[in-house]
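Chemist: Got a sequence here, can you model it:
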Amino acid sequence: MPSHSEVLDKLNHIDFFSFSGNDLSPAFTINLDSYSGIDEAYYKCTPLSTVIGRNAMAMANAKWWITDKKDNDKSDKYKNISKLLKNPNPLQSWSELVIQMHTYLQCYGHVFLFAPVPNGYSIQEASAIWVIKPSYIDIEESKKLYFQSEIDDIILKYYLNIGGARTELPNNQVLHIKDSYQNLNFSPTDLKGKSRIIGLEDAIKNIIQANEAIYSLNKDRGAQGILANTGTDAIGPVAITEEEKKSIQDQYLSKYGLRRNQSKVIITEAALKWQQMSFNVKDLMLFEGKKENVQEICDVFMYPFELLGNTQGVTYANKKEAKSWHYNDNIIPMSILYSQKLSGFFELDKDHIYADFSHIEVLKESETEKADALGKKISALTKAYHDKVISLEEYRLAIDYDENINGKTMYNGNEGQNTAQSGQDSNNQSQGTA
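Modeler: Predicted coordinates for the structure are as follows:
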């Protein structure tokens, strides 16, 4: 039987809260440099999948249009594309496709769209649009990049790998979209994106670990103590057999506990003594540590922490401001990226695919505030114009109604004199020409 000091020494080397694993438990690892590791993090770390899902849902709130530069609707000009923007394939609505596309982009750092085209038709006559997981696509690069002007001189082929089959996809039917999070190793041999999740490895592990620890504390009350054998005979201590140890452990794990259908005592023929081991659970700061790691995930994916389930100290005004920021600084800029890539892919010439969020309630309020500000600005400019402080051209420039002056005069002290001077300059130019 080990001495008291030997028992204490073993206790000092037990990891009550560890990822690395030891003789008592297997090691915990997630390889975020692989697609399978990213999948595992997404499924096991609930805050991560929640933030990614909410970003994707916000992106799906857009209404997608085909317009010209003056925002005139051009849907009739591109009837097939307009149809695809409603029903991209037999299994999905456009909103479902957008959710899948934006989820993949956030998880893997890039995503592929495939639009099959019947033989002899242009990309604008594509029969469907499908989102393809990046792990299913191989890119054959030309290994030439910086001196090329055409995409076909950079990417030779795309291959789709599913179920052991390898299928070449036509280059003009594949759209590759990369996240704003940059791949710092981007090169002629590495054209793919990089996942934001890679930098969150510690935060993700901490959250999963904290959840497991909380579950263990609720279920088994954590590490509590030691049942030590005190049986003796005429010779000395009597060791219990491995079968007896297993029987006692099985009883403890399956039958003994605080729940209604569990026993409150353990019955055994072994002579045992309970050695209490205690530690302050609050000192682990499980919930506080988990909160900080969730905030880190929110920062990386640009999702306001105030919009999660945490409501402590968060006011209605805070949430409204957070929603506005979320759309203006995250969702709308990313939608512009999608719009530019889709417009170029479908060869829309001078027209473009546009994601409209103006119907979102919190953005309507922002537009109202902008209109109020413009009204006050116009009132001030009107007074300045009537007081001959500014000219009509300066008035229009101040409210962004004129991009260029195009030879119009600017106010220099007297608008009538300014106009007359302009006329005199024109006469002098005419006389000089004559």
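Chemist: quick one, strands of the stretch 201-350 of the chain?
Modeler: 225-229, 272-276 (DSSP state E, counting those that start in this stretch).
Chemist: What mean pLDDT does the last one get?
Modeler: This means strand 272-276. Mean per-residue pLDDT for strand 272-276: 63.
Chemist: next structured bit after the longest helix along the chain?
Modeler: If you go by DSSP state H, the chain has its longest helix at helix 361-386. Counting by DSSP states H and E, the next helix or strand C-terminal to helix 361-386 is helix 392-398.
Chemist: which helices and strands sit right next to that next one?
Modeler: Counting contacts by 3 or more C-beta pairs under 8 Å, 6 or more residues apart in numbering; DSSP states H and E, helix 392-398 packs against helix 361-386. Heads up, the C-betas are built off the backbone N, CA and C, glycines and all.
Chemist: In three-state terms, label the closest residue in space to K341 that isn't next to it in sequence for me.
Modeler: Leaving aside its chain neighbours, K341 sits nearest to I177 (5.1 Å; criterion: C-beta to C-beta, 6 or more residues apart in numbering). What DSSP: H, G, I helix; E, B strand; the rest coil gives for I177 is strand.
Chemist: Now for I177, how many residues are close by?
Modeler: By the criterion of other C-beta atoms under 10 Å, I177 has 19 neighbours.
Chemist: give the contact list for it.
Modeler: Residues counted as contacts of I177 (C-beta atoms under 8 Å, 6 or more residues apart in numbering) are 101, 105, 110-113, 337-338, 341.
Chemist: biggest strand in the chain by residues?
Modeler: What stands out as the longest strand in the chain, according to DSSP state E, is strand 155-162.
Chemist: between the following helix or strand past that one and strand 155-162, how big is the angle?
Modeler: Next along the chain after strand 155-162, taking DSSP H and E as the criterion, comes strand 165-169. Orientation of strand 165-169 against strand 155-162 (axes from the mean of the first three to the mean of the last three C-alpha atoms, to 10 degrees) gives an angle of 140 degrees.
Chemist: can you list contacts of stretch 370-380?
Modeler: Counting by C-beta under 8 Å, 6+ apart, residues outside stretch 370-380 touching it are 398-399.
Chemist: Give me the phi and psi for the closest residue to L145 other than its chain neighbours.
Modeler: Leaving aside its sequence neighbours, L145 sits nearest to P188 (C-beta to C-beta, 6+ apart; 4.1 Å). Dihedral angles of P188 (phi, psi; degrees, to the nearest 10) stand at phi -60, psi -20.
Chemist: doesn't I137 make contact with L191?
Modeler: No - taking C-beta atoms under 8 Å as the definition, L191 is not a contact partner of I137, at 11.1 Å.
Chemist: Tell me which of those two has more neighbours.
Modeler: Comparing L191 with I137 by neighbour count (other C-beta under 10 Å), the higher total belongs to I137, at 20 against 16.
Chemist: Could you check what's spatially nearest to the more buried one, not counting adjacent residues?
Modeler: Closest to I137 by C-beta to C-beta, 6+ apart is F112, at 5.0 Å.
Chemist: Same check on S82?
Modeler: Take S82 and drop its neighbours on the chain: the residue closest to it by C-beta to C-beta, 6+ apart is S75, 4.2 Å away.
Chemist: same question, N330
Modeler: Nearest one to N330, counting by C-beta to C-beta, 6+ apart, is M302 at 4.1 Å.
Chemist: quick one: the one you found from N328, how far?
Modeler: 11 Å (C-beta to C-beta, to the nearest Å).
Chemist: Looking at the two, which one has more neighbours?
Modeler: Neighbour totals were compared for M302 and N328, and M302 leads with 18 against 14 (other C-beta under 10 Å).
Chemist: N61: what's it in contact with?
Modeler: So, once contact is read as C-beta under 8 Å, 6+ apart, N61 ends up touching 331, 357, 360.
Chemist: so which of those is the most crowded?
Modeler: I331 (24 neighbours).
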